[in-house]
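K.L.:
Below is the sequence, then the predicted model.
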Amino acid sequence: MKILITGAAGFIGSHLVDRMLADGHEVTAMDNLVTGTMNNISQHLSNTKFQFIHHNVSNHIHIVGHLDWVIHFASPASPVDYLNLPIETLKVNSLGTHNTLGLALSKGAKYFLASTSEVYGDPEQHPQQESYWGNVNPVGPRGVYDESKRFAEAITMAYHKKHDLDTRMIRIFNCYGPRLRANDGRVVSNFIDQALRGKPLTIYGGGEQTRSFQYVSDLVEGIVRLTGVKFHEPVNLGNPQERTVLELAELIKELTGSKSEIVYKPLPTDDPKRRLPDITRAKQLLDWTPRVEIRDGLSQTIAWYKEQLAVAK
Ligand code: UDP
């Protein structure tokens, strides 16, 4: 198949590129490199089944030839990134989603939207099922991401209903693995980077807030499986093991053997207190469940960070 992946130079996008090429597909990778990097995909530049287009999908997209899938993963996704890039974030998830939907429609391609657990905001239902509508502050700092992803879901569903576009959408819960940028501000990347550099691990708030962490290969497997099933409602993809941020800090200290101390910083505004996916739908629909244990996934990720540090020296 011929597949367009937007956000292809980003963390998840680039792992998806690897997988789609490994599965024998032709991939057109699109990215404006605002948060992604060519380092994530440059290994494919000599592959004749791969091409890279440097483009901001918030502007009109022109692709020559046929496409079977448009897979829309472009967006800043870390709280630090979307706080720094609020307008770009709103645009890529609204205008960018509109443009990619229009492209899919004009090519007769199927469409895949990367949405997020952030559509649940600071959830009042626990764990979060896809039927939960969420608890989002539209004008809070996270609103730029949360609301634009909610719009992206709405317009994707509208294209499905109005134009009969064959769509999929996933809500991605916290994901980690190699290529998660050291400076992207997320908890796994911050803690590993801090632990390896012997700097204090910064816990925001008291560390009792919870998340669950899925390894990137598990997420990619879920994505691939969903392309093979005709289903248009959102599907949660995440790890169903809940842990506190303090537990994560202690685990990363143990796995890195770091002597870093743990320090406490103010909790950011609207930081969700608990987040945990209900993955019943993904289990039933896709026979999918995350396979990678957190210790293994973190060890792989730590090894990658060590390599990066060695290269930088
Ligand atoms: N967090 C933290 N220290 C950090 C970075 C993040 O304690 O250095 C916390 C953050 O406040 C949140 C959780 O870790 O409660 C997950 O944050 P992340 O930015 O990874 O993603 P989120 O799930 O909030 O979108």
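P.N.:
Done, it's in. Numbers count the residues shown, from 1 in each chain.
K.L.:
in stretch 32-52, what's buried?
P.N.:
Within stretch 32-52, the residues that count as buried by 16 or more other CB atoms under 10 Å are 32, 34, 35, 36, 40, 41, 44, 50, 52. Every residue, glycine included, has its C-beta placed from N, CA and C.
K.L.:
Quick check: of these, which lies closest to the ligand?
P.N.:
Closest approach between the buried residues of stretch 32-52 and the ligand, by CB to the nearest ligand atom: residue 35, at 13.7 Å.
K.L.:
That closest one contacts residue 10, doesn't it?
P.N.:
Yes. Contact criterion CB atoms under 8 Å: residue 35 and residue 10 qualify, at 6.3 Å.
K.L.:
SS state for residue 149?
P.N.:
Under DSSP: H, G, I helix; E, B strand; the rest coil, residue 149 falls in the helix class.
K.L.:
Correct me if wrong: it contacts residue 119.
P.N.:
Yes. Between residue 149 and residue 119 there is a contact under CB under 8 Å: 5.5 Å.
K.L.:
Give the residue from the two that has the larger number of neighbours.
P.N.:
Per other CB atoms under 10 Å, whichever of residue 149 and residue 119 has more neighbours is residue 149, with 27 against 23.
K.L.:
Can you tell me how far the more buried one is from residue 87?
P.N.:
According to CB to CB, to the nearest Å, residue 149 stands 15 Å off from residue 87.
K.L.:
Next: residue 302.
P.N.:
For residue 302 relative to residue 87 (CB to CB), the value is 35 Å.
K.L.:
For the helix or strand hosting residue 91, give the mean pLDDT please.
P.N.:
Using DSSP states H and E, residue 91 sits within helix 86-107. Helix 86-107 shows a mean pLDDT of 98.
K.L.:
quick revisit: okay, and the common contacts of residue 35 and residue 10?
P.N.:
residue 77 (CB atoms under 8 Å, 6 or more residues apart in numbering).
K.L.:
So which residues on the stretch 151-300 of the chain come close to the ligand?
P.N.:
Residues of the stretch 151-300 of the chain lying close to the ligand (CB under 6 Å from any ligand atom) are 174, 186-187, 190, 202-204, 209, 211, 245, 267-268, 271.
K.L.:
Can you tell me which of these are buried?
P.N.:
The neighbour count (16+ other CB under 10 Å) marks 174, 186, 187, 190, 203, 209, 211, 245 as buried among those.
K.L.:
May I see those organised as JSON lines, with secondary structure added?
P.N.:
What follows is those, written out as JSON lines (three-state DSSP):
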{"residue": "174", "secondary structure": "coil"}
{"residue": "186", "secondary structure": "coil"}
{"residue": "187", "secondary structure": "helix"}
{"residue": "190", "secondary structure": "helix"}
{"residue": "203", "secondary structure": "strand"}
{"residue": "209", "secondary structure": "coil"}
{"residue": "211", "secondary structure": "strand"}
{"residue": "245", "secondary structure": "helix"}
